[in-house]
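Colleague: okay, predicted coordinates and the sequence, questions at the end:
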Amino acid sequence: MKYQRIKVSREQDIVTVRLDRADKLNGVDMTMFDELIYISKLLRRDRRLRAVILTGSGGHFSSGLDFKSMMKNKSFAARLLFKWLPGQSNRAQQVSTNWRKLPVPVIAVIEGYCWGAGMQIALGADFRICSTDANLSIMESRMGLTSDMGGSVALREIMPKDQALRISILATELDADEAQSLGLVTQVSHTPMDEALALCQQIIQKSPDVTAAMKHMYTRYWTAPAWKLLAYETYSQIRIMLGRNFPRVQKALRNKTLPEFQPRQRRW
């Protein structure tokens, strides 16, 4: 597929997805919605994939929804908000929630503006590493709207409710240090992309089955009843021990070498 609004590159089975509308501060239009949904679904089926980096072009992650573009066609809102079942993600929400479904870690590298729709996309990542000059905001209330792109699912896991409610109602703009103190970002760095790549190098030295199981366990069962979490712990441990990569780890430990992994198991 030839992309118009994103750039996709791959090295060592680490894929970088870059929002690529620098002239519009990577504002999200309908084409970008469609391309982000497409690439996230495509990557979910890739068993050799080890990690994904989400970032933006031109020194910014995203300034949010491109309202001017979206208002040109009244059918866009219907396409984005429609869903067959209430509990499913609609297309607006999939640009955030689809990253949570990938069986590999997703790292958002945030520079400059990360507002509104951009913040919702970044909240779909497992880790958010931002530059010291980043400016972050859940900005929908400024437009007379509520957050409606799936980021609230992650927000309830990483922040206290009162703080999440405050910054959402007020559309508070946060600098990097404030965002980290609230738990909205994982790390602040002068070189966030370098930090993300270094993290990816550590990830690919671990079993892809273990990584997939841990992500699934923490994403799906973090707020679930304890019995469900305990049941999945046992289930995943048995699957890993019966899989092809477990003996490779044991052999590498005995030989004091790095293991050579097979592609991860089919589904987690």
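Modeller: Yep, that arrived. Source: prediction; values computed, not measured.

Colleague: list the buried residues in the lengthiest helix in the chain.
Modeller: If you go by DSSP state H, the chain has its longest helix at helix 226-242. The neighbour-count check on helix 226-242 (16 or more other Cβ atoms under 10 Å) flags 232, 236, 239, 240 as buried. Where you see a C-beta, it was placed from the backbone N, CA and C, and this is true even at glycine.

Colleague: can you list those residues in JSON lines and add pLDDT and distance to residue 129?
Modeller: Formatted as JSON lines, the buried residues of helix 226-242 follow (pLDDT from 0 to 100; distance: Cβ to Cβ, whole Å):
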{"residue": "232", "pLDDT": "96", "distance to residue 129": "28"}
{"residue": "236", "pLDDT": "96", "distance to residue 129": "27"}
{"residue": "239", "pLDDT": "96", "distance to residue 129": "30"}
{"residue": "240", "pLDDT": "97", "distance to residue 129": "28"}
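
Colleague: looking at those, which is nearest residue 259?
Modeller: residue 240 (13.2 Å; Cβ to Cβ).

Colleague: and that closest one, what does it touch?
Modeller: The contact partners of residue 240, by Cβ atoms under 8 Å, 6 or more residues apart in numbering, come to 207, 209, 210, 213, 246.

Colleague: quick one: which of the residues you listed sit in strands?
Modeller: Within the contacts of residue 240, no residue falls in strands by DSSP state E.

Colleague: mind listing which of these are in helices?
Modeller: Using DSSP H, these in helices are 209, 210, 213, 246.

Colleague: for residue 85, state which of the residues you listed is nearest.
Modeller: Using Cβ to Cβ, residue 213 comes nearest to residue 85 of the ones in helices among the contacts of residue 240, at 27.2 Å.

Colleague: other residues contacting stretch 216-223?
Modeller: By Cβ under 8 Å, 6+ apart, stretch 216-223 touches 100, 103, 126, 156, 157, 228, 229, 232, 233, 236, 268.

Colleague: for the chain, which segments count as strands?
Modeller: Remark: strands assigned in the chain by DSSP E are 6-11, 14-19, 51-56, 106-110, 113-115, 127-131, 135-137, 174-175, 187-189.

Colleague: which strands or helices does the fifth one pack on?
Modeller: It stands for strand 113-115. Counting contacts by 3 or more Cβ pairs under 8 Å, 6 or more residues apart in numbering; DSSP states H and E, strand 113-115 packs against strand 135-137.

Colleague: okay, and for the stretch 51-200 of the chain, where does confidence drop off?
Modeller: Residues of the stretch 51-200 of the chain that meet the criterion pLDDT under 70 are absent altogether.

Colleague: hang on, the earlier thing: farthest pair within the contacts of residue 240?
Modeller: 213 and 246 (11.3 Å).

Colleague: comparing the two, which shows the higher neighbour count?
Modeller: The neighbour comparison of residue 213 against residue 246 (other Cβ atoms under 10 Å) goes to residue 213, with 23 against 17.

Colleague: for the closest residue to residue 138 other than its chain neighbours, give its distance to residue 161.
Modeller: Distance criterion Cβ to Cβ, 6 or more residues apart in numbering; nearest residue to residue 138, sequence neighbours excluded, is residue 168 at 4.7 Å. For residue 168, the distance to residue 161 (Cβ to Cβ, to the nearest Å) stands at 10 Å.

Colleague: these two - which one has more neighbours?
Modeller: Set residue 168 next to residue 161 and count neighbours by other Cβ under 10 Å: residue 168 wins out with 20 against 9.
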